[in-house]
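> okay, predicted coordinates and the sequence, questions at the end:
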Amino acid sequence: MNNALLSYHDAVLYRSGEPYRILAGAIHYFRVHPALWQDRLRRLKAMGANTVDTYVAWNFHQPKRDEAPDFSDWRDVGRFIDFAGQEGLDVIVRPGPYICAEWDNGGFPAWLTGIPGIGLRCMDPVFTSAIEEWFDHLLPIIASRQASAGGPVVAVQIENEYGSYGDDHEYIRWNRRVVEERGISELLFTADGGTDYFLDGGSIAGTWATATLGSRGDEAIATWQRRRPDEPFFNVEFWGGWFDHWGEHHHRRDAADAAAEARKMLDPGGSLCVYMAHGGTNFGLRSGSNHDGRMLQPTVTSYDSDAPIAENGALTPKFHAFRKEFFRAQGIDEMPNIPSELLAEAPVLPAQTVPLSAGPELLELVRDAGNAVSSVKPLSFEQLGLDAGMVLYAAEAILPGRAGSPAQSKLRITGLNDRAYVWVDGVFAGILDDVSGAEGLTLSGTGATARLEILVENLGRINYGPLTGHGKGILGGVLINQRYTFHWTQTPVAVAEWTQKNLEGLAGAEFEVEEPADTYIALPDSTKGFVWLNGFLLGRYWEKGPQVTLYAPTPLLKTGRNSIKVLELEKRGTVVELREGPDLGPEEAGPIGAAELP
C-alpha cells in the first residue's frame with residue numbers, strides 16, 4: 001500500500017498524502033457503445049465526479065473456452081480506462097471474477113459454470129485455476145494503467161459482495177494474493193452490504209471494506225465505526241435508482257430523496273459512488289435474471305436504472321441533484337457551467353411507422369437453425385456448449401389412449417428454468433415456464449406415437465444469490481403423466497451469433513435515414529422476440545413490459561437504407577414504429593435492493 005496513490009489511516013482517506021474523498025459514478029463500458037464512451041464520461045465529469053467505476057464482465061470477453069479473451073473494439077477496456085484518464089477522472093476497476101450487475105451469469109462464462117461439479121466462488125481448484133488463467137490476460141491491462149505507472153487506475157476491488165454468497169475467507173485472501181501477484185499495487189478493497197451480516201462473510205482484516213447500499217447510510221456508517229474504526233466510509237454502490245424485471249413496473253426513485261440519502265454519507269466525510277451514474281443498455285442477450293424463491297425474474301433490455309445520466313445520455317433532474325451534492329461536498333458553492341454541448345438534446349430520427357414483412361413460421365425456422373445433437377436424455381445448454389439463445393428439443397412419445405377413444409394426459413417438464421414452446425405433431429400445444437412446467441400441459445392421445453418438439457428460450461442466467469451458475473434448458477426430463485420420454489435430438493439456436501445470412505429470411509422492415517441519430521424502436525402489435533438493427537442484436541422485446549421501446553443509439557444507424565429484422569416467438573406483428581423518445585413503461589417507486597437485507 002506504500003506505493004498506492006490512495007491510502008487511509010485514522011478513518012481518513014488520503015490521495016498523495018492529502019485528505020481526500022471519492023465522488024464517483026459507475027459506467028460499464030460493456031453497456032455503452034464505444035463511440036459514446038467519451039461523451040458519457042464527460043457527462044459524469046460534469047456531474048462533479050472525480051472518479052469513474054466499472055466492472056469487468058468476463059463472459060463479454062471470453063464466451064467460448066477454446067478462444068482467448070478478446071480485448072478489441074467494444075471489449076477494449078484499456079481504451080475505456082484511457083478515455084477516463086483523458087477526461088481527468090480517476091478509475092476504480094472491479095474485475096470480479098464475479099460481478100452480479102444484473103449481467104448474465106453474474107459475469108461468469110457459461111462454459112465455466114457448466115463444468116460438472118465445479119464449486120463457484122470458493123477454493124475449488126478447478127474454479128481457482130480458471131480464474132488465474134483469466135487474470136493472466138486481464139490484469140496486465142489494468143496494472144499498466146495504474147497511477148503508479150502514470151495511469152488513472154487508483155483502486156481495484158477484490159471479488160464482489162462476497163458476504164451475500166459465502167464466508168470462505170481463505171478464498172477472499174487468495175483473490176487478493178493473485179491480484180497482487182499480477183502487478184496490482186494500488187489500493188485494494190472488498191465491497192459488501194451495510195450490515196454486520198454481510199461484513200461477517202465478505203470482509204477480511206487488512207483490506208479496506210467498502211459498502212453497497214441505497215438507504216440507511218447513517219446506520220451503515222455507525223456499523224463501520226464499530227467494526228472498522230480505522231477505515232474511511234465508502235459506499236462504492238449507492239443505489240440511486242433500480243433496474244427492472246419483465247412483468248414489473250419501471251422503477252423510479254425521487255431525485256430529492258436520493259440526494260438527501262447521499263448527503264447522509266457525504267456530510268460526515270464519506271466517499272460515494274452512484275450506481276449507476278449512467279446505466280446504458282443490456283444489448284444482445286446479456287441481461288441476467290434474479291430468482292425470488294418461487295420464479296425466475298428476467299431483467300429487461302434497458303439498464304437505464306433511473307440513473308442521473310439517462311440511457312440516451314440525457315441529463316435528468318437526478319443528475320442536477322447529485323451534481324449539487326458533489327460540488328457541495330467539495331466546498332464549492334458556485335458550480336461551473338455545464339458545457340452547452342452536454343445540455344443540448346441528442347438528435348432523434350423523425351417518428352414513423354413502417355410495415356413489418358411476414359417471416360417464416362417459428363417451428364420451421366428453428367428446425368434448421370443448427371446441427372442436431374442426439375442423446376438419450378435431454379441435454380442442457382451447457383452440455384451443448386451454448387451460452388445464450390434457444391434449443392429445440394425433439395423426441396417421439398406415446399400418448400395414452402385408444403383408437404376411437406382418446407384419453408387425456410399431462411406433459412410436464414422437470415428442471416425447466418426458462419420458457420418453453422411446445423408442439424405435438426407440428427401443432428402448437430402451449431407454453432410452459434419454470435413455474436407452470438411442473439403443472440404441465442394437457443394433451444390428447446390415442447395410444448399412438450406423437451412427435452414432441454419443445455423450444456426452450458434462455459431468458460438470462462441468474463446473476464445473484466445461491467442459484468448463480470444454475471444451468472439452462474431442460475435440466476430434468478419430460479414426463480407424459482409419470483413416465484419419462486427418452487431419445488432426444490437437440491438443435492441449438494444461437495441467435496446471439498447470427499450473421500446477416502441468418503437474418504435474411506426473418507420478418508423485416510426498412511427505412512431511410514438522411515442523417516444518423518438516435519431512435520426508439522417499438523413493435524406495438526408483436527408479442528415477444530428479438531430485434532436486430534443493421535445486423536446488430538439490440539435485445540429482447542416482450543409485450544408484458546414494462547419496457548416498450550428499445551434504444552438504438554446513433555452509431556448503430558447509417559445514412560441511407562437501414563434494416564430491422566425481427567424474430568417473433570408468439571404472435572407476429574405487422575408494423576415497426578420509430579419513436580422520438582423512450583417508453584420504459586408505467587412507473588412505481590422502486591425498492592432499494594435485496595442486498596441490504598440479511
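Cool, got the structure.

> elements contacting the longest helix along the chain?
Criterion DSSP state H: the longest helix present in the chain is helix 125-143. For helix 125-143, the packing partners by 3 or more Cβ pairs under 8 Å, 6 or more residues apart in numbering; DSSP states H and E come out as helix 58-61, helix 77-86, helix 169-181. Using the backbone N, CA and C atoms, a C-beta is placed for each residue, glycine as well.

> buried residues in the last one, which are they?
This points to helix 169-181. The neighbour-count check on helix 169-181 (16 or more other Cβ atoms under 10 Å) flags 171-176, 178-179 as buried.

> ok, now the shortest one?
Neighbour counts over helix 58-61 (16+ other Cβ under 10 Å) mark 58-61 as buried.

> likewise stretch 309-317?
Those would be 309-316, for stretch 309-317 by 16+ other Cβ under 10 Å.

> same question, stretch 199-218
Neighbour-count burial for stretch 199-218 [16+ other Cβ under 10 Å]: 199, 201-204, 207-217.

> what segments of the stretch 451-598 of the chain are helices?
With DSSP state H, counting those that start in this stretch as the criterion, the stretch 451-598 of the chain has helices at 500-503.

> and what of the stretch 251-400 of the chain?
255-266, 317-329, 340-343, 362-367.

> need the contact partners of the shortest one.
In this case it means helix 340-343. Applying Cβ atoms under 8 Å, 6 or more residues apart in numbering, the contact partners of helix 340-343 are 42-43, 46, 315.

> most surrounded residue in those?
Among the contacts of helix 340-343, the one with the most neighbours (other Cβ atoms under 10 Å) is residue 43, at 26 neighbours.

> what helices or strands is the helix or strand harbouring that residue leaning on?
Using DSSP states H and E, residue 43 sits in helix 37-46. The helices and strands touching helix 37-46, judged by 3+ Cβ pairs under 8 Å, 6+ apart, are strand 23-27, helix 77-86, strand 271-278, helix 340-343.

> how close does the residue most central in space within the chain get to residue 16?
Residue closest to the mean C-alpha point of the chain, counted by Cα atoms, centre = their mean, is residue 103 at 2.2 Å. Shown here: residue 103 relative to residue 16, a distance of 34 Å by Cβ to Cβ, to the nearest Å.

> how is the chain partitioned into domains?
6-286+312-345, 352-357+506-580, 362-496 (automatic domain parsing).

> distance to residue 295 for those domains - can I get that in TSV?
Below are the domains of the chain laid out as TSV (distance: least, Cβ to Cβ, whole Å):
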stretch	distance to residue 295
domain 6-286+312-345	10
domain 352-357+506-580	13
domain 362-496	5
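
> out of the ones you listed, nearest to residue 586?
Among those, the nearest to residue 586 by Cβ to Cβ is domain 6-286+312-345 (5.1 Å).

> and the closest one, what's its mean pLDDT?
Across domain 6-286+312-345, the average pLDDT comes to 98.

> gap between that domain and the chain center?
Put simply, domain 6-286+312-345 sits 14 Å off its chain's centre (Cα atoms, centre = their mean, to the nearest Å).

> which of the three states applies to residue 220?
For residue 220, the secondary-structure state derived from DSSP: H, G, I helix; E, B strand; the rest coil is helix.

> contacting residues around it?
Contacts of residue 220 by Cβ under 8 Å, 6+ apart are 194-195, 211, 213, 233, 235, 265.

> taking those together, which two end up most distant?
The most distant members of the contacts of residue 220, if one measures by Cβ to Cβ, are 195 and 265, lying 15.2 Å apart.

> those two: which is more packed in?
The neighbour count for residue 195 versus residue 265, taken as other Cβ under 10 Å, is higher for residue 265 (24 against 20).

> Serialize the helices and strands packed on helix 37-46 to a markdown table and add fields for distance to residue 187 and mean neighbour count.
As requested, these are exported to a markdown table (distance: least, Cβ to Cβ, whole Å; neighbours: other Cβ atoms under 10 Å):
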| stretch | distance to residue 187 | mean neighbour count |
| --- | --- | --- |
| strand 23-27 | 13 | 27 |
| helix 77-86 | 16 | 20 |
| strand 271-278 | 12 | 27 |
| helix 340-343 | 30 | 11 |
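
> could you dump the ones you listed into CSV and include distance to residue 518?
Formatted as CSV, the helices and strands packed on helix 37-46 follow (distance: least, Cβ to Cβ, whole Å):
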stretch, distance to residue 518
strand 23-27, 18
helix 77-86, 21
strand 271-278, 15
helix 340-343, 15
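
> indicate which one of the ones you listed is closest to residue 506.
strand 271-278 (31.6 Å).

> for the closest one, which helices and strands make contact with it?
Using 3+ Cβ pairs under 8 Å, 6+ apart, strand 271-278 is in contact with strand 23-27, helix 37-46, strand 51-55, strand 234-239, helix 255-266.

> number of residues surrounding the residue nearest to residue 287 when sequence neighbours are not counted?
Distances taken as Cβ to Cβ, 6 or more residues apart in numbering put residue 299 closest to residue 287, at 4.2 Å, once the chain neighbours are dropped. A total of 24 residues lie near residue 299 under the criterion other Cβ under 10 Å.

> can you tell me who residue 299 pairs with across the strands?
Residue 299 has the following beta-bridge partners by DSSP bridges: residue 245.

> now do the contacts for it.
If you count contacts by Cβ under 8 Å, 6+ apart, then residue 299 has 102, 243-246, 282, 287-290, 460, 463 around it.

> between those, which is closest to residue 159?
When these are compared for distance to residue 159 (Cβ to Cβ), residue 463 wins out at 14.7 Å.

> ok, back up a step: dump the longest helix of the chain to CSV, keeping only the CA atoms.
Included here for helix 125-143 are C-alpha records, laid out as CSV according to Å, rounded to 0.1, in the frame of the first residue of the first chain:
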residue,chain,number,x,y,z
PRO,A,125,-9.0,-25.8,-7.6
VAL,A,126,-10.9,-26.2,-10.9
PHE,A,127,-12.5,-22.8,-10.3
THR,A,128,-9.4,-21.0,-9.0
SER,A,129,-7.2,-22.3,-11.8
ALA,A,130,-9.7,-20.8,-14.4
ILE,A,131,-9.7,-17.5,-12.5
GLU,A,132,-5.9,-17.4,-12.6
GLU,A,133,-5.8,-18.0,-16.3
TRP,A,134,-8.4,-15.3,-16.9
PHE,A,135,-6.5,-12.8,-14.7
ASP,A,136,-3.3,-13.6,-16.5
HIS,A,137,-4.9,-12.0,-19.5
LEU,A,138,-6.9,-9.2,-17.8
LEU,A,139,-4.8,-7.8,-15.0
PRO,A,140,-1.8,-6.7,-17.1
ILE,A,141,-4.1,-4.4,-18.9
ILE,A,142,-5.2,-2.8,-15.6
ALA,A,143,-1.7,-2.9,-14.0
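
> tell me how far stretch 563-581 is from the chain's mean position?
Averaging C-alpha positions (Cα atoms, centre = their mean) puts stretch 563-581 23 Å from its chain's average.
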